[in-house]
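K.L.:
no letters, just coordinates:
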């Protein structure tokens, strides 16, 4: 891929570079660029005329990868993506003549890669710029079935053939090509780097290169109005997200962010999962990869890892590669989206990414803004979340990228810059509550501090899907939970017996909804995932019981007698019923209704 001079950039601004005196004399322009100065991950090199911003540079004899982030006359500043120990003034620096790009191919599925999409399996301690271009396909050859014949005229995004995989993959005409198909490969097994077609005199392979900071083109963006079912009742019921939308998951340490994101990766109904471990602990990433490998995919019957791309830039890896990892994840997501697939991009966590931006800005000598973060932090976050969308692809198919980003505010302070700016740009907020988490309530999504701007549009989608009661059901649950929280403060002051009977029923209603419908057990095979049908059955059962309790109190039944009823069958229904079963829920509701009749 050639460099693009007017390419939009998501990198931090150039700013002013405070240059220190180098122990080696300045060499000025030379026929071959050389390193002038090394300051941690920032390396100054002599700048040949052909170098452009964001070009890839191979540094030293080991060809460590770096990216041009500033140009001052005859000097270019390069951000290195590897440990720079051993680099010294005078060592060679070789511009690659292209922006930082990654290799996109079907064999990404099931693989584990670093922040620059270099395979980690079998890699040594040092990764070089050769990684993205010489890595062998991770899963061997793939079957190819042509869908056009020689002589056919095609345009950008048109389907040339189908590729065998756990999800339906397609070989597309690259975005910058069109013309007549002068050659098409026959059906059979082919490697990712084999030439499968020739379009307008240009070779087309399964594998292609694309700059990570340039969004892939689409025909147009669509309204995101199709629900993404996550299998987590607190999310699907109260704060739903549409395919192609954006979500932030803020929460302090120990509130269950990683657990919630892992559950969504396992159970959501997306076609492809791109999981970016951005600055997370290595043992957590190891657990994620182990579970994905062992878990059976309910959609295909194979391994869930076969339709997952894992990008691991853990806390012990070079911090500056963390800055590129989220852009890499977005590029991979758009690659599969263009095939007409629904993709979920999970970034855990964007706070660690922002810390890399802060360190980079500090080394560049930029004036710090809030808490030392660069002044462009808000625009950086906006540009990342902007890559989420439901789109009509160049080939006419519908696809989507849904971005879910975890935020780790220090000390749980949601007023800090990363959290505050993120809330401005996302459509949904799943705020995790420390008190709920410490009470072992999973998922600890706060119903008072979270929101979903997609809910109104998704209500119409549920109505079209023969569930016209969804919006009313959601509204009732939200109101009951908020009312129960309001009364909880009074109960702590005056005791439950001081409340009027109706308000005591509201307190009871809040407990039943929390424990029987909203709460889940991530370790239970029956309750880790909940289909929309089971979620609706649980909520309707609880609301029916609550209505009956209120009717009994209004008709003169003592509230103490109603509170003394054993609601255990209803509370346990979420675990006694399988992920898609509703009959046990109905039976539990009937049992409790019979006990209420006896109490009357």
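P.N.:
On my side now, so go ahead. This structure is a prediction, so every number in the text was calculated from the model and none was measured.
K.L.:
C-alpha only now, for contacts and for neighbours.
P.N.:
OK.
K.L.:
quick one: contacts of stretch 565-580?
P.N.:
The contact list for stretch 565-580 (CA atoms under 8 Å, 6 or more residues apart in numbering) reads 512, 515-517, 520-521, 524-531, 533-534, 538, 541-542, 583-585, 588-589, 591-592, 595-596, 599.
K.L.:
what is the end-to-end distance of that stretch?
P.N.:
Here the two ends of stretch 565-580 are set 28 Å apart, with distance taken as CA to CA, to the nearest Å.
K.L.:
how about it: buried residues?
P.N.:
Residues of stretch 565-580 classed as buried: 567, 569, 570, 571, 572, 573, 574, 575, 576, 577, 578, 579 (neighbour count, 16 or more other CA atoms under 10 Å).
K.L.:
make CSV out of these and add pLDDT.
P.N.:
Output for those, formatted as CSV (pLDDT from 0 to 100):
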residue, pLDDT
567, 97
569, 96
570, 97
571, 96
572, 96
573, 96
574, 96
575, 95
576, 95
577, 96
578, 94
579, 93
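K.L.:
circling back: out of the contacts of stretch 565-580, list just those in helices.
P.N.:
If you go by DSSP state H, these have 512, 533-534, 538, 541-542, 583-585, 588-589, 591-592, 595-596, 599 in helices.
K.L.:
now the residues you listed: which count as buried?
P.N.:
Among those, those classed as buried by neighbour count (16+ other CA under 10 Å) are 512, 534, 538, 541-542, 584-585, 588-589, 591-592, 596, 599.
K.L.:
among those, which one sits closest to residue 333?
P.N.:
Among those, residue 534 lies closest to residue 333 (CA to CA), at 30.3 Å.
K.L.:
distance of the closest one from residue 88?
P.N.:
Counting by CA to CA - residue 534 and residue 88 are separated by 63 Å.
K.L.:
again with residue 431
P.N.:
Distance from residue 431 to residue 88, by CA to CA: 47 Å.
K.L.:
returning to what we had before: pLDDT-wise, what's the bottom of the buried ones among the ones in helices among the contacts of stretch 565-580?
P.N.:
Across those, the bottom pLDDT score, 88, is held by residue 599.
K.L.:
on that earlier part again, in JSON lines: the buried residues of stretch 565-580, plus secondary structure and distance to residue 254.
P.N.:
Putting these into JSON lines (DSSP: H, G, I helix; E, B strand; the rest coil; distance: CA to CA, whole Å) gives the following:
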{"residue": "567", "secondary structure": "coil", "distance to residue 254": "31"}
{"residue": "569", "secondary structure": "helix", "distance to residue 254": "31"}
{"residue": "570", "secondary structure": "helix", "distance to residue 254": "29"}
{"residue": "571", "secondary structure": "helix", "distance to residue 254": "26"}
{"residue": "572", "secondary structure": "helix", "distance to residue 254": "26"}
{"residue": "573", "secondary structure": "helix", "distance to residue 254": "28"}
{"residue": "574", "secondary structure": "helix", "distance to residue 254": "25"}
{"residue": "575", "secondary structure": "helix", "distance to residue 254": "24"}
{"residue": "576", "secondary structure": "helix", "distance to residue 254": "28"}
{"residue": "577", "secondary structure": "coil", "distance to residue 254": "29"}
{"residue": "578", "secondary structure": "coil", "distance to residue 254": "28"}
{"residue": "579", "secondary structure": "coil", "distance to residue 254": "27"}
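K.L.:
I'm done for today, thanks for sticking with me.
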